Structure formats: C-alpha cells, structure tokens
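Novice: quick check, what structure comes out for this input:
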Amino acid sequence: MIINFITAKLSPIARKLFIVHATCWILFITYELTFVYYHVGALERPYIYIAFYSINLALFYLHIRLLNFAFTEPKSSYIVGFLLFVVIVVLYLVIKGIADNFLGNPQPARYDSHIFIRAFLPRNLARAFYFILMATFYWAAKHIAHFRRQALEAEKRQLIIEKEKAELETQLTKSRNAYLQQQINPHMLFNALNFVYNSTQKYSDDAANCIWLLSEIMRFSLEEAGPDGKIKLDREVEQIENLIAINRYRFKEPLYLKLEMKGDFSRYKIIPLILLTLTENLFKHGNLTEITSPAELKLTTNETGQLTFYSRNLKKSKNARPRQRKALGLQNIRLRMDSFYKGNYKLEINEPGEFYELTLTLKL
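Specialist: From the prediction side, this is the model:
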C-alpha cells in the first residue's frame, strides 16, 4: 500500500525502478540488522535506524548524482567534481555526528566532547566510504552495461554502413561495366549507321539525311556531360532542330509548326536531354497536321540567364481526354530538375480544350 501510494504519480519505468531499489534496500537493511542482532543480541529503537539509514541512502544517491555530473554530463569539470565530493563527505560527517549526538549514547560527552567525536568519527568515515564504494560499483555496473549497449549499437551501425558500402561498390562496378559496354556498343552502332548512310545516299538523299540526323541525336545523347553535369545549351538546341527535321521526314503530310528561338544560347549550360525530351513529347502526343491549328515551339533566353521553353499543340484524336501528368518522361524531368535546379525552375502544364500547353521557366 505504501509503495503504491508513493509510486502512484511515477511513470511505469520509474515505478519499476523504484520498486527494484526499495526491494534491494529492504533486503540489505534486513541483512545488516540480522547480523547486528546475531552478534549483539539486541537492536536499537526503530526510529534510530530510520534516521541513520536515511542519511546513508542520501549519501549513496548523492554520490551517484556526482558521478553522473563529473563523467557523463557535457562541460563537466573533474576538479569541481572532486571539490563537491569533499563537501558531500564533510556534510555527511557533520549530519551523522549531529544524529549520533542526539540519537546515540551521549554519556561520554558529559565529561569530554572530544571523546564522543573520536568514538564515532572512525565508524562514520568507514560507513561513508562503504556507501560511497557501493554507489561507485552500482554506477559503474550501470554505465558499463550502457556503454556495452552503445558499443553493440555502434558495431551494428558500422556493419550496416559496411554492407551499404559494399552494395554501393557492387553497383558502382556494375555501372562502370555498363558504361564501358555502352561505349563499345555505340561505336559499333555508329559504324553501322555510317555504312547505312553511305549505302542509302546512292538511292535516296532524304533517307540518308534522316539517318545522319538520327546518328547525330544518338551521339549527342551519349555524350558525357561536364563535371557539373551540364552541357552547352546551343548543343541541345542543335538537337532540337535535328529532331524537328527528322519528324518532317517521317510524315507524309506536311507538319505545321511555328518555331521561334531567341537568345545567345552559346553563353549558357543546361543538364542534357531536358529540352529535347519536351520537344519529342510535342511530336509524340500532338497533332501537327492541321493547318488551322499549327503547333508552337518557343525557346528564348534573356540577359539575366532565364530560359523559357513553351510548346502548344493540338491533341491527337486518341488523346482527346486529359493526358496523365505523371507520365514517365515528365516525371523523370521533374526529378532531374529538382536535383539540379531546386527552387529555380517552374514547369506548368495546361490543357485548354483540345490543346496541350507546356511552359518551362528556368534560371540557368
């Protein structure tokens, strides 16, 4: 009942800890009093033991708090900790001496006060260091277990890091192999395309020119970007023009596209294939065969380095319903733009009626 009353407002963990400590102290005090009774044959009045054990337990927990201050808290000082230790021991001896004077056997003090002090001081010092030693062992055992858990957790984290590092190294090796393979395969492909171009040129200049344009776009898509991951903007603009030319060859019907490009594209750099992918979407999803509703493509840069890409096209009949905006190509573009131009770009898509509009503004 008493323990339940005391622990009513404690958290479950604190309540459990209190019960464990209280049980241990009850067993410890019972052991000591049994030992005293066995050798002396009698015990003092209960309030005397309550007073003395309260002082001893206060020393025990004060010393634990002092060890925490000196060794675990940041910006702690060993010198300050030692001085506090001396103060706590002296204070304990003073309080214990007062308790001995009032609760002990004061007859010797009637004749000489020093006799009484000398009689109890060695015992009090021994008792103080006995409880200090117990507190130190308790603190050490608790923190050794804590440090062991920390060491195990650190070892576990290290193993996880090493595992992730090994996985990254494996992925890097695979990427390097794929990159080397990619370098070999395009070389063979371009040789084949060059042969097809030369062979086709004898029979059709248009077909040969289309092959040449295609090889240029493929060569550009495999070019390695600079250390910053970017390429010259004018190189991407060249491929946009090549892509438009290829699509003019592809279709039998004439394509109606208003193309407008303004600005000094050679001054700036951009991550590759962003504008080319947006242009490819214009041909993939748009209807460019209606003379009354021509598609539009505008690409401009200004003196402050702001690029604007705008496209507008009539939807194909099968795409009359709104297009899914989370298409893989656009989703990939958004991810790449977030990586390189976070907060410096804006990609807007509108679908007014039968038309599809896309506007990209970017700070280069």
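Novice: strands along the stretch 251-364 of the chain, start to end?
Specialist: Secondary structure of the stretch 251-364 of the chain (DSSP state E, counting those that start in this stretch): strands located at 257-262, 269-270, 286-287, 295-301, 306-315, 345-350, 355-363.
Novice: so where do the strands sit in the stretch 101-250 of the chain?
Specialist: For the stretch 101-250 of the chain, the strands defined by DSSP E, counting those that start in this stretch occupy 231-232.
Novice: where does it dip in pLDDT?
Specialist: Low-confidence segments of the stretch 101-250 of the chain (pLDDT under 70): 104-119, 174-188.
Novice: how about the secondary structure of residue 93?
Specialist: Here residue 93 is recorded as helix under DSSP: H, G, I helix; E, B strand; the rest coil.
Novice: closest one to residue 232 among the strands of the stretch 251-364 of the chain?
Specialist: Comparison of those against residue 232 by C-beta to C-beta identifies strand 269-270 as nearest, at 5.9 Å. Glycine gets a C-beta too; all of them are placed from N, C-alpha and C.
Novice: which neighbouring elements make contact with that closest one?
Specialist: strand 231-232, helix 233-250 (3 or more C-beta pairs under 8 Å, 6 or more residues apart in numbering; DSSP states H and E).
Novice: could you break this protein into its assigned domains?
Specialist: Following automatic domain parsing, one gets these domains for the chain: 2-162, 209-363.
Novice: just name the most buried of the ones you listed.
Specialist: Mean neighbours per residue, mean count of other C-beta atoms under 10 Å, is largest over those for domain 209-363, with a mean of 15.
Novice: distance from the chain centre to that one, please.
Specialist: Distance of domain 209-363 from its chain centroid, counting by C-alpha atoms, centre = their mean, to the nearest Å, is 35 Å.
Novice: for the helices and strands packed on strand 269-270, give me JSON lines that also has distance to residue 61.
Specialist: Converted to JSON lines, the helices and strands packed on strand 269-270 look like this (distance: least, C-beta to C-beta, whole Å):
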{"stretch": "strand 231-232", "distance to residue 61": "69"}
{"stretch": "helix 233-250", "distance to residue 61": "72"}
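Novice: tell me which of the ones you listed approaches residue 196 most closely.
Specialist: helix 233-250 (15.0 Å).
Novice: quick check: which helices or strands does the closest one pack against?
Specialist: Using 3+ C-beta pairs under 8 Å, 6+ apart, helix 233-250 sits against helix 205-221, strand 257-262, strand 269-270, helix 274-285, strand 295-301.
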